[in-house]
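In: Provided below are the primary sequence and the corresponding predicted coordinates.
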Number of protein chains: 2
Amino acid sequence: MADFDLIRSLKRDHGGKIVLLVLDGLGGIPLSAGGPTELEAARAPNLDRLATEGALGQTVPILPGVTPGSGPAHLSLFGYDPLKYVVGRGVLEAVGVGVSVKKGDVAARGNFCTIDAQGRITDRRAGRIPSDQAAPLTERLASIQLPGIRTEVKHVKEYRFAVVLRGEGLKGEIDDTDPQQTGVAPLPAKARAADSQKAAQLFNQWIAEANKLLAKEPIANSLTLRGFASDPALPPFPEIFGLRSACIAVYPMYRGLASLVGMDVLDFQGEEPQDEFGALARAWDAYDFFFIHIKKTDSRGEDGDFDAKTAVIEKLDQALPDLLALQPDVLAVTGDHSTPAKMKAHSWHPVPFLLWAPETIRSDDQTQFGERNCAQGNLGTFPAREAMTLLMAHANRLEKFGA
Amino acid sequence: MADFDLIRSLKRDHGGKIVLLVLDGLGGIPLSAGGPTELEAARAPNLDRLATEGALGQTVPILPGVTPGSGPAHLSLFGYDPLKYVVGRGVLEAVGVGVSVKKGDVAARGNFCTIDAQGRITDRRAGRIPSDQAAPLTERLASIQLPGIRTEVKHVKEYRFAVVLRGEGLKGEIDDTDPQQTGVAPLPAKARAADSQKAAQLFNQWIAEANKLLAKEPIANSLTLRGFASDPALPPFPEIFGLRSACIAVYPMYRGLASLVGMDVLDFQGEEPQDEFGALARAWDAYDFFFIHIKKTDSRGEDGDFDAKTAVIEKLDQALPDLLALQPDVLAVTGDHSTPAKMKAHSWHPVPFLLWAPETIRSDDQTQFGERNCAQGNLGTFPAREAMTLLMAHANRLEKFGA
């Protein structure tokens, strides 16, 4: 049975409330053999109580050994096959800075570069121009007007920006304009498919206007575009699972990903776990499913700061009573992937998964939320994309299969 | 490699004897967090000895979170992909009351109902007419004769019955006659495919005769039919695995399922485990594989009676020496799905699996047969449909794959 057909055929449109609490990059490794991971080192009495009452396991985001980016890691947790549902780079860059990408739009990643008098690239990243110099250049690019369509341009970081052309039926099967080497001119945007020729032509017009605007800029007098991509047309999460679904996240990337799968993205003040749980409390009655995203576990992992990552987990733990006071029927606490501080990067290691559902849980003997415990938990090791059916089941939202 | 091709290419037609002992709905959950499950609470010294000598694991019947009915749960244990090999509702209802469904037959589920003078349904279930009143009505329907074919009708429970038309090349792609609402007349049986028109026409004749017989009945003066289905044409289990295969089961549903996959269904007196093991002893020399089904673990789970389910397991344990005296080469003790007494229903929780095979087992450290132990056992968590290849291997019935 293909993909979501089974779950669509079994889902009930009533049942318990589900909270999926994602601590980005939660999984870790010890700094030295035999030592604790960040999660194991954290003093987290609330998480440990949930682990005691609930059941543990660990998820594989994509495949064993495969390190995911944020996009596929979250799609997998949301139940989508990350090898089948691919969100293009341009779309991820755009949603990462809060620019939406809808049906008919095409997004691309942009790099500022420098070219010589003959138009040949001399620096593909314009000397890694700092953000405070690149941001005003990006604002000038945002003033470009093209006939019949709208454009949106937003600075990302240093020499990088995102650009989206909004039209009707635009398609993004277009080759990069970055030749990946210096000493040659940027390439024109070239369509790989007939249905993408209109968008390629519009991008070439946009590039020509941009080059005029940048021509006199000493630090970045040209640009290249990469990762052209259309709206991925993901089947909507709320419809697949029959869940009124909300996203509570601080960072644009995760708000954008939730938006791409059709969740409502809630606005709120503040950036701390208690602020997110406050937003949860206010929206509690209006939704069946909440995706709550905590970013800083990943950020501190990428920094290589073991203790700071542990501290983020401890701070989350202190705020947890606000969430538990709402009495969710099903609560999962997990990550989208691992980001061990020791590696200062995302990794492929399985991700700790805690499932708490007082009415229907099969307890295991684990009494702490940590990597060793999760590997021993009774949920076993399972693909992240199977998590949603498990949560649906514990919320009494799935019919029996067959008689 | 598609489906059974691999196993067909590797199977040997000689080797050890395999017993698959299925305790229906075996898996459970604790009544409160941290407590024992039904199986963990049972005093079962023989099962614990097998667990100590053997290896443990847990199976996923369909997919994580998906609760199976008896049909797909057993097909999965027998090695069939339960999402690919689907047995129609009408066929399951028929085999559930001991009516076989062969190639060319079409089966349907029937409901007695009441209609008013204009033929409009007033109660879709005839006031949930009790079994002692419905059974005689069903017997009258069994007297209906149609030209050129045979019919079989059998009472199921309360207002429900099963009907099978036996002909040549009849197909069951037919819409329900139950309009799913009152105030309108039952629908005619309407074929969805050209090859099902003959069967639809015959069912309409049968319905017309049935309505004549029931017209004067005050409690149930009409009927509807649902879940039309043909023989599912499952590839035969004995041929796939090269096993002379027998079913020992008390309840018609499981005898019927075994029959659908081509096992011989053994007749015997009595309903207790020792009666089933007696039948096993008598047939021991004639078969390579035995599917033994114990129903009451599921029944007591559905009743919500934790202690009674535990007692069924203890009673089975006491009878086990009769089975072990036959010295099977491979014995698996497992369930088709979980039926936690706390939930009074089938559930999606993984199913305890005990594998005992003295010559080839890799023992683990587990010394008790229970859910926690199975989650820690060295067989891990695996799809139920992979169990048969494991049993085949331990019976020395599979060739090496590749050189």
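Out: Yes, it's here.
In: list the contacts for residue A:148?
Out: By CB atoms under 8 Å, 6 or more residues apart in numbering or on different chains, the contact set of residue A:148 is residue A:167. To be clear about C-beta, it is placed using only N, CA and C from the backbone, and glycine gets the same treatment.
In: same thing but at 7 Å, please
Out: Applying CB atoms under 7 Å, 6 or more residues apart in numbering or on different chains, we find residue A:148 in contact with no residue.
In: and it, how far is that from residue A:170?
Out: To residue A:170, residue A:148 is 11 Å away according to CB to CB, to the nearest Å.
In: spell out which parts of chain A neighbour chain B.
Out: Neighbours of chain B within chain A, by CB under 7 Å from any CB of the partner chain: A:1, A:6, A:10, A:53, A:360-365, A:376, A:378, A:380, A:382, A:386, A:389-390, A:392-393, A:398, A:400-403.
In: inside strands: which ones of those residues?
Out: The strands, defined by DSSP state E, take in A:380, A:382 from the residues of chain A next to chain B.
In: now, of the residues of chain A next to chain B, which are buried?
Out: Buried members of the residues of chain A next to chain B, counted by 16 or more other CB atoms under 10 Å in any protein chain shown: A:6, A:10, A:53, A:360-364, A:376, A:378, A:380, A:382, A:386, A:389-390, A:392-393, A:398, A:400-403.
In: return the subset of the residues you listed lying in helices.
Out: Under the assignment DSSP state H, those contribute A:6, A:10, A:53, A:376, A:389, A:390, A:392, A:393 to helices.
In: what about residue A:56, which helix or strand?
Out: strand A:55-60 (DSSP states H and E).
In: which parts of that strand count as buried, going by neighbours?
Out: A:55, A:56, A:57, A:58, A:59, A:60.
In: for the residue nearest to residue A:135 when sequence neighbours are not counted, name its beta-bridge partners.
Out: Spatial nearest neighbour of residue A:135, excluding adjacent residues (CB to CB, 6 or more residues apart in numbering or on different chains): residue A:155 at 4.6 Å. Counting by DSSP bridges, residue A:155 is bridged to residue A:161.
In: circling back: quick one: list the elements packing against the strand holding residue A:56.
Out: strand A:351-356, helix A:371-376, strand A:380-383 (3 or more CB pairs under 7 Å, 6 or more residues apart in numbering or on different chains; DSSP states H and E).
In: all strands of the stretch 1-150 of chain A, in order?
Out: A:18-23, A:55-60, A:105-115, A:121-123, A:150-157 (DSSP state E, counting those that start in this stretch).
In: let me see the confidence value for residue A:2.
Out: You'll see residue A:2 listed with a pLDDT of 56.
In: before we move on, the earlier item: quick check: can you name the pairing partners of the strand holding residue A:56 and their directions?
Out: strand A:351-356 (antiparallel), strand A:380-383 (parallel).
In: now do it: everything it contacts.
Out: With CB under 7 Å, 6+ apart as the criterion, strand A:55-60 contacts A:334, A:350-355, A:361-364, A:366, A:373-375, A:377-384, A:387.
In: what about 8 Å?
Out: With CB under 8 Å, 6+ apart, strand A:55-60 has contacts from A:27, A:77, A:334, A:350-355, A:361-364, A:366, A:369, A:371, A:373-384, A:387.
In: cool, and stretch A:244-252?
Out: A:95-98, A:237-238, A:254-255, A:258-259, A:262-266, A:268, A:271, A:276, A:279-280, A:283, A:286-293, A:295.
In: 6 Å instead, please
Out: Residues from elsewhere that reach stretch A:244-252 (CB atoms under 6 Å, 6 or more residues apart in numbering or on different chains): A:96-98, A:237-238, A:255, A:258, A:263-266, A:271, A:276, A:279-280, A:283, A:287-293, A:295.
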